[in-house]
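Q: model this:
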Amino acid sequence: MSTAMERSDGGEAILAACRSLGVEVIFSSPGSEWAPAWEALARQDRDGTPGPRYLDLMHETLAVAMATGYGIVSGRPQVVLLHAVPGLLQGACGIHGAQLAQVGMVVMTSESITYGETEPDPGSQWYRNLSIVGGPQAVATPITKWSTQVGSAATLYGTVVRAGEMARRAPAGPIYLNVPVEVLLEPWDAGRADVRAVAAPGTTVSPEAEVEQAARRLVAARRPVIVTESVGRHPDGFEALLDLAEQLAIPVIEPASAVCANFPRTNPLHRGGSPALLEEADLIVLACCRAPYYPPSDRPAGTEVLVVDEVPHRPYVDYQVLGADQYLEGSVGPTLRALGAAAKALGIDEEAVAERRTRFAASAGVAVAQPDVLDAARVAAALREQLAADARVVDETITHSRQVAAGLAAETPGRYTYVQGGLGQGLGVALGMKYADPAGEVALTIGDGSFLYNPITQALAASRTLDLPLLIVVLNNHQYLSMKLNHLRFYPDGVAVSESDFRGVDLTEQPDLAGLVEPFGMTGITVPATAGPAELDDAIATGLASVRSGRTALIDIHLPR
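A: Next comes the predicted model:
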């Protein structure tokens, strides 16, 4: 029970907004401005008031990335508290990644607006070191959906609630709020009548006439093809796409730009990333595609294009070409189901469907690894065999990403997630997924260069402290191969080639990666480049046994390339 000496201030307003939004966790790599929030959390714990859990994490990118992983699994809006402009800049890579992954979150940092000239005293650090011209919202604007400064405790609750509601609406993404120290310390009326639970967003589907027009295109097409990058991230999207494709026997392509599991790869209609089908198609259905062609102008000439997406033109993409002849804009799962129902009502060309069904009766097949070569495909195939059927795999590889996705052959939504927005987030995203579903199994596939970009020590500490065991599989070629391949693309006959003198590539002096986990009481395993299939399988089995017993395991697999 609170006493007369206790005051309700901006910290309590933020916590009340979290409760109204249904926020389960506040992720933080904090600074001194958050004392009001900490005091409100202490009151919450003392009084047994339901509300969000609070996590102190040791790095800003880790905090934001964990919020991203948690948001991907839970579908709920996330709240992240960072410190001033330095914390915002440290977390910027993760914020950008959340924007690309369309994860709704509210990121807050602070500044001072009085610099100690009035009471309460915010602390001299704001005057000496932490101020920035234009305010931190100017820094956040390019990498967030919306950003602003909160001017008063009177508007703080309403602004945080609005930010959370805006963050989860299409296109979902991060909202930034600058909450000055003085606003956090202002009195706030905790008994306000407008404090209440927030309604979930509504569902939208295009008008019946537009759906029917799109359905006519579908039933008239002899060689339709569906291309998808992220249908699987939308509620019912994976299942609705599967039903539509099977109903009309339409082949499905997941291009190199796909970022999650969208369609069962073992289904005969899954045709990998084959561009050949696009060349012969008479109708291309782009289902949640922000970048279906590369170069962007490489849209097959003369082919009709139907776009199905909640927000086809992403406002955070600088240049985007879809080339649509028609848009169906609405909630993805319901829209795909409405499209299928309309096609059935019009009357499906059974002859055309039967012809396609026969053509695609044989599965395109799961990528088969060569048994005598230790490569990413073989590692992915081994993981597919040994991981739990419902395990989630987070992928932060670059040159090996297509092999990993193909070898895992995801058959269910959530099975595969690619990290977006810059390297260094994989450990955090995987930990966030594990925190959202503690009983589930989570594996991270990551290149050695990508791994070294991550806040490794801080992430391993979080894994141990929060009891979040992961299987970390490092595909280690001891180089930044992507850097080398791009050099070779532009200078195939250059001096670097003739002299074998490359820059930005060599990682041979990296530390023993398996040894990095040992101070945390975790399992470290090294698989040499000469390992055979049995040795690889044993290493993965040992790592999984460790994870299933509650200890993170890192398997450092040395690849010949």
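
Q: Skipping its backbone neighbours, what lies nearest the residue positioned nearest the centre of the chain in space?
A: Most central in the chain under Cα atoms, centre = their mean is residue 101, positioned 4.3 Å from the mean C-alpha point. Nearest residue to residue 101 in three dimensions, chain neighbours excluded: residue 420, at 5.1 Å (Cβ to Cβ, 6 or more residues apart in numbering). For the C-beta atoms, the positions are set from N, CA and C on the backbone; glycine is no exception.

Q: likewise residue 192?
A: That would be residue 157: by Cβ to Cβ, 6+ apart, it lies 7.1 Å from residue 192.

Q: Next: residue 8.
A: Spatial nearest neighbour of residue 8, chain neighbours left out: residue 190 (4.1 Å); criterion: Cβ to Cβ, 6+ apart.

Q: With residue 163 instead?
A: Using Cβ to Cβ, 6+ apart, the nearest residue to residue 163 is residue 175, at 4.2 Å.

Q: ok, the host helix or strand of the one you found: who's next to it in the sheet?
A: In the assignment (DSSP states H and E), residue 175 maps to strand 174-178. Taking DSSP bridges as the criterion, strand 174-178 forms sheet pairs with strand 105-109 (parallel), strand 146-149 (parallel).

Q: How about residues contacting it?
A: Here strand 174-178 makes contact (Cβ atoms under 8 Å, 6 or more residues apart in numbering) with 88, 95, 98-99, 103-111, 135-137, 140-141, 143-150, 159-160, 163-164, 166-167.

Q: Check stretch 81-96 too.
A: Residues outside stretch 81-96 that contact it (Cβ under 8 Å, 6+ apart) are 26-34, 37, 59-65, 67-68, 80, 107-111, 126, 130, 132, 136, 139-140, 143-144, 174, 176, 421-422, 424-425, 428.

Q: Please state the offset of it from the chain centre?
A: Centre-to-centre, stretch 81-96 and its host chain are 17 Å apart (Cα atoms, centre = their mean, to the nearest Å).

Q: Quick check: mean pLDDT of it?
A: Taken as a whole, stretch 81-96 carries a mean pLDDT of 97.

Q: CA-only coordinates of that stretch in PDB, if you can.
A: Extracted C-alpha coordinates of stretch 81-96, given in PDB (Å, rounded to 0.1, in the frame of the first residue of the first chain):
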ATOM      1  CA  LEU A  81      14.200   2.300 -22.600                       C
ATOM      2  CA  LEU A  82      17.600   3.500 -23.600                       C
ATOM      3  CA  HIS A  83      19.900   6.400 -22.500                       C
ATOM      4  CA  ALA A  84      19.900   9.800 -24.100                       C
ATOM      5  CA  VAL A  85      21.400  10.200 -27.500                       C
ATOM      6  CA  PRO A  86      24.400   7.900 -27.000                       C
ATOM      7  CA  GLY A  87      22.100   5.000 -26.100                       C
ATOM      8  CA  LEU A  88      19.900   5.800 -29.000                       C
ATOM      9  CA  LEU A  89      22.800   5.700 -31.400                       C
ATOM     10  CA  GLN A  90      24.100   2.400 -29.900                       C
ATOM     11  CA  GLY A  91      20.700   0.900 -30.400                       C
ATOM     12  CA  ALA A  92      20.200   2.400 -33.900                       C
ATOM     13  CA  CYS A  93      21.100  -0.800 -35.800                       C
ATOM     14  CA  GLY A  94      18.500  -2.800 -33.900                       C
ATOM     15  CA  ILE A  95      15.900   0.000 -34.300                       C
ATOM     16  CA  HIS A  96      16.500   0.000 -38.100                       C
END
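
Q: Name the residues of it that come out as buried.
A: Neighbour-count burial for stretch 81-96 flags 81-96 (criterion: 16 or more other Cβ atoms under 10 Å).

Q: same check, this time on stretch 287-304
A: In stretch 287-304, counting by 16+ other Cβ under 10 Å, buried: 287, 288, 289, 290, 291, 292, 293, 299, 300, 303, 304.

Q: And stretch 519-530, by the same measure?
A: Under 16+ other Cβ under 10 Å, the buried positions of stretch 519-530 are 520, 522, 523, 524, 525, 526, 527.

Q: Kindly present these as TSV, with separate columns for distance to residue 545, pLDDT and secondary structure.
A: Shown next, in TSV, are these (distance: Cβ to Cβ, whole Å; pLDDT from 0 to 100; DSSP: H, G, I helix; E, B strand; the rest coil):
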residue	distance to residue 545	pLDDT	secondary structure
520	17	98	helix
522	13	98	coil
523	9	98	strand
524	14	98	strand
525	11	98	strand
526	17	98	strand
527	16	98	strand
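
Q: So for the helix or strand hosting residue 378, mean pLDDT?
A: In the assignment (DSSP H and E), residue 378 maps to helix 376-386. Averaged across helix 376-386, the pLDDT comes to 97.

Q: and that helix, what other elements does it pack with?
A: If you count contacts as 3 or more Cβ pairs under 8 Å, 6 or more residues apart in numbering; DSSP states H and E, helix 376-386 packs onto helix 401-408, strand 442-447, strand 471-476, helix 533-548.

Q: That helix vs strand 523-527, what angle?
A: Angle, helix 376-386 to strand 523-527, by axes from the mean of the first three to the mean of the last three Cα atoms, to 10 degrees: 140 degrees.

Q: Can you point out the buried residues in helix 376-386?
A: Neighbour-count burial for helix 376-386, with 16+ other Cβ under 10 Å as criterion, is recorded at 376, 377, 378, 379, 380, 381, 382, 383, 384.

Q: if I pick the spatially closest residue to the last one that is not a sequence neighbour, what's in contact with it?
A: If I follow you right, that is residue 384. Spatial nearest neighbour of residue 384, excluding adjacent residues (Cβ to Cβ, 6+ apart): residue 408 at 5.3 Å. By Cβ under 8 Å, 6+ apart, the contact set of residue 408 is 265, 380, 383, 384, 393, 415, 416.

Q: And the furthest pair within these?
A: Greatest spatial distance among the contacts of residue 408 (Cβ to Cβ): 265 and 383, at 13.9 Å.

Q: who's in contact with residue 249?
A: By Cβ under 8 Å, 6+ apart, the residues touching residue 249 are 269, 353, 354, 356, 357, 360.

Q: and the fourth one, how many neighbours does it have?
A: The number of residues packed near residue 356 is 21, by other Cβ atoms under 10 Å.

Q: so it sits right up against residue 250, yeah?
A: Yes - judged on Cβ atoms under 8 Å, residue 356 makes contact with residue 250 at a distance of 7.0 Å.

Q: mind showing which ranges of this protein have poor pLDDT?
A: Residues of the chain that meet the criterion pLDDT under 70 lie in 1-5, 364-371.

Q: So which of the contacts of strand 174-178 are in helices?
A: Counting by DSSP state H, the contacts of strand 174-178 place 88, 95, 98-99, 136-137, 140, 159-160, 163-164, 166-167 in helices.

Q: could those be laid out in JSON lines, adding distance to residue 46?
A: Shown next, in JSON lines, are the ones in helices among the contacts of strand 174-178 (distance: Cβ to Cβ, whole Å):
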{"residue": "88", "distance to residue 46": "31"}
{"residue": "95", "distance to residue 46": "33"}
{"residue": "98", "distance to residue 46": "32"}
{"residue": "99", "distance to residue 46": "37"}
{"residue": "136", "distance to residue 46": "32"}
{"residue": "137", "distance to residue 46": "34"}
{"residue": "140", "distance to residue 46": "34"}
{"residue": "159", "distance to residue 46": "27"}
{"residue": "160", "distance to residue 46": "23"}
{"residue": "163", "distance to residue 46": "28"}
{"residue": "164", "distance to residue 46": "25"}
{"residue": "166", "distance to residue 46": "32"}
{"residue": "167", "distance to residue 46": "30"}
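
Q: Scan the residues you listed and report the most crowded one.
A: That'd be residue 98 among the ones in helices among the contacts of strand 174-178, by other Cβ under 10 Å, with 34 neighbours.

Q: Was I right to think that residue contacts residue 64?
A: Yes - if you go by Cβ under 8 Å, residue 98 and residue 64 touch, sitting 6.5 Å apart.

Q: which residues are common contacts for the two?
A: Shared contacts of residue 98 and residue 64 (Cβ under 8 Å, 6+ apart): residue 105.
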